[in-house]
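>>> show me how the following folds:
(chains A and B)
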2 protein chains.
Amino acid sequence: MLFTDIDILDENLDYQAHQWVGVKDGTIDYIGDAAPENAADYGEVYDGCGRLLMPALYNAHTHLPMTLLRGYAENVPLQEWLNNLVWPFEGKMTPEDNYWATKLALAEMARYGSVSASDMYYATDERVQAVGEAHMKMNVCESVLYFEPKPFVEYPMCEKMERIVKQYHGAQDGRIRVDYNIHAEYTSNPITCTDIGKVAKEAGLPIHIHISETKSEHEECKGRHDGLTPVQYFESIGVFDVPVIAAHCVWVDDKDIEILAKRGATVALNPASNMKLASGFAPVQKLLDAGVNVALGTDGMASNNNHDLFQDMYLMGTIYKGHELDPAIISPKQVIAAATRGGALAQGREDCGLVKVGMKADLTVLDTTGASWCPMTNPEVNIVFSGHGSDVVLTMCDGEVVYRDGVFPGIDLEQVKAEVSARTKRIISEL
Amino acid sequence: MLFTDIDILDENLDYQAHQWVGVKDGTIDYIGDAAPENAADYGEVYDGCGRLLMPALYNAHTHLPMTLLRGYAENVPLQEWLNNLVWPFEGKMTPEDNYWATKLALAEMARYGSVSASDMYYATDERVQAVGEAHMKMNVCESVLYFEPKPFVEYPMCEKMERIVKQYHGAQDGRIRVDYNIHAEYTSNPITCTDIGKVAKEAGLPIHIHISETKSEHEECKGRHDGLTPVQYFESIGVFDVPVIAAHCVWVDDKDIEILAKRGATVALNPASNMKLASGFAPVQKLLDAGVNVALGTDGMASNNNHDLFQDMYLMGTIYKGHELDPAIISPKQVIAAATRGGALAQGREDCGLVKVGMKADLTVLDTTGASWCPMTNPEVNIVFSGHGSDVVLTMCDGEVVYRDGVFPGIDLEQVKAEVSARTKRIISEL
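Numbers count the residues shown, from 1 in each chain, chains lettered A, B, ... in the order given. Purely as a prediction, here's the structure:
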């Protein structure tokens, strides 16, 4: 595809009007302010008038199959939410339920410009199948709770992970990657976690962990581990020897931030979820100042309740200003970087997340002709604060269109919605 | 128009599937679960399949002409924002600039389901003209700063207000109403404000005021007025003898809340603006518990940056939970009520803001076929947390369509955008 005369956010996230962008073999192979010499060699020509092309978004923390729970567990205290509503519901979910819910979530992601998810859940086979059909990307992370203090090899998950890594890491032309999982400090133990750190290091794979999401989790960890916070505790047992995707990090302290920066971890911020579940405000500006790779996630649909990462961008750009009582923190560019390149790096996708020649053609095209985009005094600001995820008119993953003008080439949305609605009703009736 | 087989939010904001809703002479004249006997008497029949009909939204605090400033003054400390950026820009705005910017803002409002604005600004004639052409509603509030301690009659505004009230209050079939204005405590003095309270009381009109938006404003007022907060000070000089639209109320205390409730004031919350300008978090649940009428506003476009009130609904439903660390506060219904009936009441529009026979046909129709609406386990939750303002496919004001499927019957959007873009460039070039 050749995008003609289109506005873009370049590799520095600077706005450049009237550019030509060529995509061949899944890769960006031309960017310039005039048509390439070989313009006739491209397949489709896409008229970029009134459009803005930017990197696609990478959702750095999700539980896609939880989309079945959308609107189910609402406005209740956290423990009631988890114990009485979420866990019983999840207990009734079958692998097929996970498949259909993932498919719906992927449609929603593509609709709002995201191409990839770091997805922590069960039913990896079904999730990988759904992603393949949608021609999108996923860092699959098979979740398990490690309450019993025994070596990782004694958990059936050890063998399962061996199979998952072998079968899926790098599958689908590299669109599938595998992350190891530690659910959280309070649902695991040091013996197993130490082993997982070693196994992941040997495999050269990241570990995706919930870290310091709630104040009580953060404080109770200190009580259990000689005053060590979750970050400090996990570092002490070698878990940070591999890249960690640390989801939430709402309550991390200055020492934690230093460790996260030094160890090249990613903080996957989940502003919508942190507000809706009342977890609190992460120290975002401090994380950015320390050089930590900050990415954005939607978290699961019981706490958001949609996969529109533009909404989380809006939140990232606003709520921390309100909390810190400082309107000058967190720039729009830092927000866009978190949702794009920050997420790609969290997923180990060095060749993704920038509009730059040689990068994978993961692209989002916005319709900027709506009233909210006018005037266009500062396009980056308009992207974060004025535009909407619904302004996305085309989402491309590895050079293939995964959403365009209401159509999902790899997803039969009507069928998926019918399946999800029926399966949600079935589960609720079983409870 | 007759809406057939459409899902609705009824007068209690309860979801009712498969309803018929009839609109005649600008009023809702039928609601039922079957077609009315006189179905053939209606003009157009609107197929409600996959659609949800709810009250239109009423934006309770705006400065519509500031839409010219969208994306202009960003990520800077408040005083720099106001003194170095906003005020100099506003100083260059002509009445015609105000007209075109209002037109653009109205398009944006209609696009996202709002029909009415409580709009505090200058250039009332131009704003009223724009609203009339768009066939929408406005509580116009002509703004002025009263620094000099002299009677209201000695201000030219006194005469001007007499003319504005006479000419515009109740104009356009009641779609235009007039509110008096006190900009804020720190930009006025007790002598003039006392007079304005009396004049407004005589006229039977509300007063629209910025109250306790920032901590410094709140605290400095106490210093100037024997420890009285802005609410307490204004009450002490009789300003609360009329219905007050108190914009922001971020820093109000328990005594203030008692006064606001007792005096039948409206608090126009501006969550987006309060976050972006780092003003802080209003005590929303306390206001609701005290029985204060809470409404929602977008504020001006230098601090939001769009007129999508669904986004402010999302913020109202999430950020105060995060701030109070309590996920059980502020229900989705309370959020929807604030954006609809709460706003209508703030504007003195008793016959607006509910889907109920006899009420004005101010209606918003949402397309609920998108992926984000599935499953529909709890429709009110989906409206607040999953859907988007962009799901609006039809906005109706007094029975007339003001937005439908990308078309604005009363606004030439391309012309308006061209005017706004050119005028913004001109102003910036003059600075």
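>>> A:Ile28 pairs with what?
A:Val23 (DSSP bridges).
>>> can you check A:Ser118 too?
A:Asn139.
>>> neighbours around it, how many?
Using other Cβ atoms under 10 Å in any protein chain shown, A:Ser118 is surrounded by 28 other residues. Every C-beta, even on glycine, is put in place using the N, C-alpha and C of the backbone.
>>> show me what contacts it?
Counting by Cβ atoms under 8 Å, 6 or more residues apart in numbering or on different chains, A:Ser118 makes contact with A:58-62, A:138-139, A:141, A:179, A:208, A:245, A:268, A:297, A:343, A:346-347.
>>> do that again at 7 Å, thanks
A:Asn59, A:Ala60, A:His61, A:Thr62, A:Asn139, A:Cys141, A:Asp179, A:His208, A:Ile245, A:Ala268, A:Ala346, A:Gln347 (Cβ atoms under 7 Å, 6 or more residues apart in numbering or on different chains).
>>> with A:Thr364 instead?
Contacts of A:Thr364 by Cβ under 7 Å, 6+ apart are A:Met54, A:Pro55, A:Ala56, A:Leu57, A:Gly113, A:Val392, A:Thr395.
>>> cutoff 10 Å now
Neighbouring residues of A:Thr364 by Cβ atoms under 10 Å, 6 or more residues apart in numbering or on different chains: A:9, A:52-57, A:110, A:112-115, A:309-310, A:339-340, A:355, A:389, A:391-396, A:403.
>>> quick one on the thing from earlier: the contacts of A:Ser118 in strands, which ones?
Counting by DSSP state E, the contacts of A:Ser118 place A:Asn59, A:Ala60, A:His61, A:Thr62, A:Asn139, A:Cys141, A:His208, A:Ile245, A:Ala268 in strands.
>>> and the residues you listed, which are buried?
A:Asn59, A:Ala60, A:His61, A:Thr62, A:Asn139, A:Cys141, A:His208, A:Ile245, A:Ala268 (16 or more other Cβ atoms under 10 Å in any protein chain shown).
>>> is it true that the second one touches A:Arg341?
Just to be clear, that refers to A:Ala60. No - the pair A:Ala60 / A:Arg341 is not scored as a contact, 11.3 Å apart, by Cβ atoms under 10 Å.
>>> okay, and the common contacts of those two?
A:Asn293, A:Ala295.
>>> what's downstream of the lowest-mean-pLDDT helix or strand in chain A, the next helix or strand?
Scoring the helices and strands of chain A by mean pLDDT, DSSP states H and E places helix A:78-80 at the bottom, with a mean of 84. Later in the chain than helix A:78-80, the nearest helix or strand by DSSP states H and E is helix A:87-91.
>>> residues of that next one that come out buried?
A:Phe89, A:Glu90.
>>> what of stretch A:321-332?
Those would be A:Lys321, A:Gly322, A:His323, A:Glu324, A:Pro327, A:Ala328, A:Ile329, A:Ile330, A:Ser331, A:Pro332, for stretch A:321-332 by 16+ other Cβ under 10 Å.
>>> stretch A:279-294 vs chain B: in contact?
Yes - contact of stretch A:279-294 with chain B (Cβ under 10 Å from any Cβ of the partner chain) involves A:Ser279, A:Gly280, A:Phe281.
>>> ok, the closest residue to A:Cys249 other than its chain neighbours to chain B distance?
Distance criterion Cβ to Cβ, 6 or more residues apart in numbering or on different chains; nearest residue to A:Cys249, sequence neighbours excluded, is A:Val267 at 4.6 Å. Distance, A:Val267 to chain B, by Cβ to the nearest Cβ, to the nearest Å: 17 Å.
>>> correct me, but A:Val267 touches A:Met316?
No - counting by Cβ under 10 Å, A:Val267 does not reach A:Met316; the two are 11.5 Å apart.
>>> mutual contacts of those two, please.
In contact with both A:Val267 and A:Met316: A:Ala282, A:Val284, A:Val294, A:Leu296, A:Ala338, using Cβ under 10 Å, 6+ apart.
>>> just the ones of those in strands?
Using DSSP E, the shared contacts of A:Val267 and A:Met316 in strands are A:Val294, A:Leu296.
>>> could I get the shared contacts of A:Val267 and A:Met316 as TSV with distance to B:Leu13 and neighbour count?
Conversion of the shared contacts of A:Val267 and A:Met316 to TSV gives the following (distance: Cβ to Cβ, whole Å; neighbours: other Cβ atoms under 10 Å in any protein chain shown):
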residue	distance to B:Leu13	neighbour count
A:Ala282	33	25
A:Val284	35	25
A:Val294	38	28
A:Leu296	32	31
A:Ala338	36	32
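>>> now, which of the shared contacts of A:Val267 and A:Met316 sits nearest chain B?
A:Ala282 (10.5 Å; Cβ to the nearest Cβ).
>>> how about the residue lying closest to that closest one once chain neighbours are set aside, what does it touch?
Distances taken as Cβ to Cβ, 6+ apart place A:Val250 nearest to A:Ala282, at 4.7 Å, with adjacent residues excluded. The contact partners of A:Val250, by Cβ under 10 Å, 6+ apart, come to A:211-215, A:217-218, A:267, A:269-271, A:273-274, A:279-283, B:322.
>>> buried only: go through the residues you listed for me.
If we count by 16+ other Cβ under 10 Å, the contacts of A:Val250 have these buried: A:211-214, A:217-218, A:267, A:269-271, A:273-274, A:279-283, B:322.
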